[in-house]
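Asker: Build the 3D model from these lines:
(one chain, ligands or ions: 2)
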Amino acid sequence: MPHDLPKAYDPAAIEDHWAEYWVRENLFAQPAPDPTQASAQSSGEAFTVLLPPPNVTGQLHMGHMFEQAEIDIMVRWRRMTGRRALWVPGTDHAGIATQLMVERQLATEGTSRQQLGREAFEARVWEWKRHYGGAILDQMKRLGASVDWQREYFTMDDHLSVAVREAFVRLYEQGLIYRGAYIVNWCPRCQTAISDLEVVYDEHKGHLWEIRYSVLDTLGQDSGEYITVATTRPETMLGDVAVAIHPEDERYLHLHGKKLRLPLMGLEIPIILDEWVSRDFGTGAVKVTPAHDPNDFALGERHHLPSINVMDDTGHINENGGAYAGLDRYVARKRIVADLETQGLLGAIKDHTNNVGHCDRCKTVVEPRLSTQWFIKIQPLAEKAISAVKQGHIRITPEQYEKTYLNWMENIHDWCISRQLWWGHRIPAWHCATCHKTTVARVDPTACSHCGSAQVTQETDVLDTWFSSGLLPVSVFCWPNINAENRADFDAFYPTSLLITGFDILFFWVARMIMFGCWFSKDIPMPDGSPRSLADSVPFREVYIHALVRDANREKMSKTKGNVVDPIEIVKQYGTDAVRFTLASMASPGTDIAFNIARTEGYRAFANKIWNAARFIFMNVDRAEEIGIKVDSAALGGMPTVAADAPLEARWIVAELHATAGKVNQALENYRFDDAANLIYQFFWGSFCDWYLEIVKLRLDFSETADKAKTTAALTILLQVFETALRLLSPFMPFLTEELWHAIYDGNPPAKSIALTRYPKMNEAVVGALIPTGMVIIQNLVIDIRALRKERDVPEKEHVPVVLFLSDRSNKVFQRNIDVVRHLAKVTEVVSKPLDFMSSRPGRRRGLGWDVDIDYETTIDVAAERDRLTKDIAKYEKGLASAERQLGNEGFLAKAPAHVVEGLKKQEAETRLLLEKARAALEALPKE
Ligand SMILES: [Zn+2]
Ligand SMILES: [Zn+2]
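Answerer: Ligands and ions are numbered 1, 2, ... in the order given. The predicted structure is shown next:
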């Protein structure tokens with residue numbers, strides 16, 4: 001006997017309970033399979049997903065909730081289809097973000113990381129992590145994410161750090177890591193290099209300053225002639241080492257080989273000739289500052305010019321900047337412009353809009369600056385990663401992102417992997433004070449590997465955070481320490497099956513995982529000992545790039561706009577299930593979501609509707625038990641079938657259920673979360689609650705005279721369909737379905753969770769054998785009678801007699817289901833007559849196979865009726881014209897599938913019939 005449900009659906013009351021139960025029972029743990037034991041656990045193909053690790057500093061936002069809802073739906077669904085599903089959770093140490101957070105905290109205490117020193121600072125960050133680091137995963141637990149919590153990782157964990165170190169050393173040994181001075185994007189606030197991807201460009205209204213450089217004569221004196229250059233960053237002129245012109249620029253031919261005086265600094269600098277200079281741009285002369293511009297750096301290399309760095313790590317002018325040393329870069333800019341003007345060396349100042357790069361983390365303007373950094377020679381890794389996608393070993397959905405990915409990979413630059421931070425994986429390289437060479441090692445060295453000197457100090461830089469997260473697909477499965485004991489894990493779960501993530505980290509993370517995954521796993525033999533092919537080296541087989549969640553007006557959510565929706569607040573109000581369903585119902589590949597609370601309210605009502613249906617069903621189960629009818633729970637858990645002679649509604653609902661299950665599985669295969677959710681919604685609310693439950697009330701006869709066999713059969717189908725529908729809905733609304741499913745079994749469920757049962761699957765034979773078109777006739781007949789009742793203002797509860805004019809076919813169906821029509825349309829007696837549409841009289845409702853009239857005292861509003869009929873006629877005429885046009889189009893007929901053409905022909909015939917009927921009825925109206 002199912003247990004009693006509280007009267008009202010209260011998500012808060014059930015969700016906390018189940019969320020806690022799933023974690024406590026370790027329901028979604030997926031241990032490494034034991035190859036010596038063929039248990040249920042170790043059977044089934046694996047379905048592995050990595051959670052895009054949120055920053056350890058993170059708080060759950062709508063984007064996370066959306067991403068995790070999609071992943072959870074996929075994982076729950078695959079698990080229920082029999083796959084060995086594993087979802088691995090974890091958090092990222094997020095170098096810059098976390099360091100920034102703790103630095104801010106220190107600032108409020110009046111101290112700084114420099115004052116603390118490196119070790120104490122690192123300890124402080126760990127302490128911070130222990131206190132606040134788990135917040136986002138706790139939120140995930142509350143939202144019911146079906147992850148394996150026993151595998152939770154943090155990218156700074158020891159076993160993951162080992163992987164980071166091994167990867168670095170191996171790449172270094174392979175000659176793919178080098179150190180050198182290059183122009184990098186420098187953030188003066190964070191005081192670290194940042195990658196191109198971490199720079200966000202904004203249009204800035206600035207100026208273009210023209211500066212005049214004096215040409216020197218053979219004696220080194222000002223000749224009275226000038227070359228004018230233009231710049232958006234005048235302060236960089238302090239580090240100028242030349243002015244470049246095009247060798248064929250006629251304006252300057254006479255200046256070849258001459259020197260210039262660098263204003264303010266007084267230094268002599270050469271004029272150099274380079275074809276890279278554009279003659280058409282500005283004056284055709286450009287200042288060359290190799291230490292502060294990537295193009296100038298290349299020019300400097302070509303002409304063997306020195307690089308003079310004029311700024312320090314904080315964006316202040318350094319000792320190379322002469323009188324300007326110590327000034328902030330923007331203060332220096334103002335002073336330099338003023339001094340140039342005083343000396344008559346300033347030309348025009350023009351308004352200029354340019355793209356200025358900002359640090360993604362702190363929004364400070366980034367300074368391109370020469371700096372010694374560590375790089376990965378990316379080409380050989382990129383080549384494999386390109387092949388993996390081009391050869392179809394990784395499929396990217398939506399397809400357009402495949403192009404974006406390939407385009408980026410084909411133009412990729414060497415990856416600057418060093419960061420001047422204290423929080424992160426410290427680079428395992430030791431510099432020797434004696435021979436100045438570098439030792440890179442797996443184990444901390446005490447002496448230089450080149451000269452044996454003990455004067456070695458470790459590199460202070462740490463690795464880019466994406467270096468460690470790029471390794472996750474291999475490192476979470478024990479790489480590089482894969483041995484006989486633990487390799488079952490790697491064998492079972494690598495390559496992972498699917499990655500669901502956002503477009504914003506396609507390059508940061510997805511591309512790096514592909515490069516690292518293909519590179520490092522290729523050395524791990526297959527379980528049978530054979531070499532690993534590229535196809536099996538990929539870190540995942542599918543990538544699904546999800547869309548963005550925007551506000552109801554399709555605006556991007558942002559704190560400054562104040563339109564951010566806090567998922568935790570919405571969940572408190574409507575329940576996780578309703579929010580998940582809202583997100584799913586709008587999620588289709590490549591389409592952003594306009595999150596609208598009205599929809600969540602609607603899905604809260606949907607959950608409520610299912611709750612009430614359960615209460616109704618359980619009440620009937622109880623009543624049945626009172627007269628000795630009991631449905632064996634062994635009859636539940638599969639896909640329902642019915643006998644051919646079962647009542648119409650039973651055959652119909654079972655066929656609908658099978659068909660819906662078929663379509664939902666298909667939709668999920670194609671990441672059509674929206675279609676899947678909407679199909680289930682239609683089935684549950686429309687077919688099951690609105691029609692089937694209403695009809696089945698007639699069959700649940702518990703009276704003395706009841707035919708017990710019939711009642712039992714009806715109750716069985718009812719329970720079977722309901723239980724199956726709950727399983728169908730479960731990945732979308734895991735909490736509600738868990739609660740009701742347990743209630744069905746009243747403490748004796750066949751599994752620990754509905755999530756561990758099987759997902760409904762269509763049986764085509766069942767659908768084919770059952771298709772009862774009769775139900776469509778009954779539904780439409782009821783809809784017509786209901787509409788007519790409304791038109792005639794029949795009070796809701798009143799039962800009235802009706803007159804039906806029926807075609808032979810409709811009559812047959814009707815006679816068999818007369819009780820259903822009477823019940824659903826609140827009809828007392830029915831007079832049925834043969835359909836004779838020529839006798840159509842005003843006020844009747846006209847269907848394809850019937851006319852309906854109700855016997856109710858009322859006068860017909862002739863004007864309104866004429867109005868209605870005129871509108872109907874116009875509608876039918878339009879429909880008919882369109883169908884005729886299509887059927888007359890030979891091109892269309894040649895291309896369209898046969899069933900489409902058939903459908904169109906049928907529609908044309910039906911519309912014509914309805915049109916004739918409406919015309920006849922209009923004719924029959926009394927003339928004014
Ligand atoms: Zn910054
Ligand atoms: Zn040495």
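Asker: Could you look up the SS state of the nearest residue to residue 674 once chain neighbours are set aside?
Answerer: Computed as CB to CB, 6 or more residues apart in numbering, the closest residue to residue 674 that is not its neighbour in sequence is residue 588, at 4.5 Å. The C-beta positions use only the backbone N, C-alpha and C, and glycine is treated the same way. Put simply, residue 588 is coil when judged by DSSP: H, G, I helix; E, B strand; the rest coil.
Asker: Give me the distance between residue 588 and residue 668.
Answerer: To residue 668, residue 588 is 12 Å away according to CB to CB, to the nearest Å.
Asker: Which residue of these two possesses the greater neighbour count?
Answerer: Taking other CB atoms under 10 Å, residue 588 and residue 668 do not tie; residue 668 has more neighbours (20 against 17).
Asker: Surely that one touches residue 77?
Answerer: Yes: the pair residue 668 and residue 77 qualifies as a contact (CB atoms under 8 Å) at a distance of 5.4 Å.
Asker: Show me what from the chain comes close to ligand 1.
Answerer: 187, 189-190, 359, 361-362, 364 (CB under 5 Å from the ion).
Asker: need the helices for the stretch 751-900 of the chain, in chain order.
Answerer: Along the stretch 751-900 of the chain, counting by DSSP state H, counting those that start in this stretch, helices occupy 764-770, 774-791, 808-816, 818-825, 862-887, 890-895, 898-924.
Asker: how far out from the middle of the chain is the last one?
Answerer: For helix 898-924, the distance between its averaged C-alpha position and the chain's averaged C-alpha position is 45 Å (CA atoms, centre = their mean, to the nearest Å).
Asker: Who are the packing partners of the lengthiest strand in the chain?
Answerer: The single longest strand within the chain, with elements called by DSSP state E, is strand 199-216. Counting contacts by 3 or more CB pairs under 8 Å, 6 or more residues apart in numbering; DSSP states H and E, strand 199-216 is packed against strand 222-231, strand 259-261, helix 329-342, strand 346-359.
Asker: Just name the most buried of the ones you listed.
Answerer: Of all the helices and strands packed on strand 199-216, strand 259-261 has the most neighbours on average by mean count of other CB atoms under 10 Å, namely a mean of 22.
Asker: residues from the stretch 351-500 of the chain in reach of ligand 2?
Answerer: So the stretch 351-500 of the chain meets ligand 2 at 432, 434-435, 448, 450-451, 453 (CB under 5 Å from the ion).
Asker: and the closest residue to residue 870 other than its chain neighbours, how many neighbours?
Answerer: Of all residues not flanking residue 870 in the chain, residue 922 sits nearest, at 7.0 Å (CB to CB, 6+ apart). The local packing of residue 922 (other CB under 10 Å) involves 17 other residues.
Asker: List the contacts of residue 922.
Answerer: Residues near residue 922 by CB atoms under 8 Å, 6 or more residues apart in numbering: 866, 869-870, 873.
Asker: distance of the residue lying closest to residue 416 once chain neighbours are set aside from residue 341?
Answerer: Excluding the flanking residues, the one nearest residue 416 by CB to CB, 6+ apart is residue 373, at 5.0 Å. Noted for residue 373: a distance of 37 Å to residue 341, by CB to CB.
Asker: how far is the longest helix anywhere in the chain from where the chain is centred?
Answerer: Taking DSSP state H as the criterion, the chain has its longest helix at helix 597-626. Mean-position distance between helix 597-626 and its chain equals 31 Å (CA atoms, centre = their mean).
Asker: Spatially nearest residue to the residue of the stretch 1-150 of the chain found nearest ligand 2, not counting backbone neighbours?
Answerer: Of all residues in the stretch 1-150 of the chain, residue 118 sits closest to ligand 2, at 23.6 Å by CB to the ion. Distances taken as CB to CB, 6+ apart put residue 422 closest to residue 118, at 5.3 Å, once the chain neighbours are dropped.
Asker: From ligand 1, how far off is that neighbour?
Answerer: Using CB to the ion, to the nearest Å, residue 422 is found at 15 Å from ligand 1.
Asker: Helix, strand, or coil at that residue?
Answerer: coil.
Asker: From residue 51, how far off is it?
Answerer: Distance of residue 422 to residue 51, given as CB to CB: 27 Å.
Asker: Kindly report the same for residue 510.
Answerer: When residue 510 is compared with residue 51 (using CB to CB), they lie 14 Å apart.
Asker: give me the residue from the stretch 601-750 of the chain nearest ligand 1.
Answerer: For the stretch 601-750 of the chain, CB to the ion, closest residue to ligand 1: residue 671, 36.0 Å.
Asker: if we can go back for a sec, save the helices and strands packed on strand 199-216 as TSV, and put in mean pLDDT too.
Answerer: As requested, the helices and strands packed on strand 199-216 are arranged in TSV below (pLDDT from 0 to 100):
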stretch	mean pLDDT
strand 222-231	91
strand 259-261	93
helix 329-342	94
strand 346-359	90
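Asker: okay, those in TSV with distance to residue 687 next?
Answerer: Output for the helices and strands packed on strand 199-216, formatted as TSV (distance: least, CB to CB, whole Å):
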stretch	distance to residue 687
strand 222-231	71
strand 259-261	84
helix 329-342	68
strand 346-359	54
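Asker: Find the nearest non-adjacent residue to the residue of the stretch 101-250 of the chain found nearest ligand 2, please.
Answerer: In the stretch 101-250 of the chain, the residue found nearest to ligand 2 is residue 179; the distance is 15.4 Å by CB to the ion. Closest residue to residue 179 apart from its sequence neighbours, by CB to CB, 6+ apart: residue 374 at 5.2 Å.
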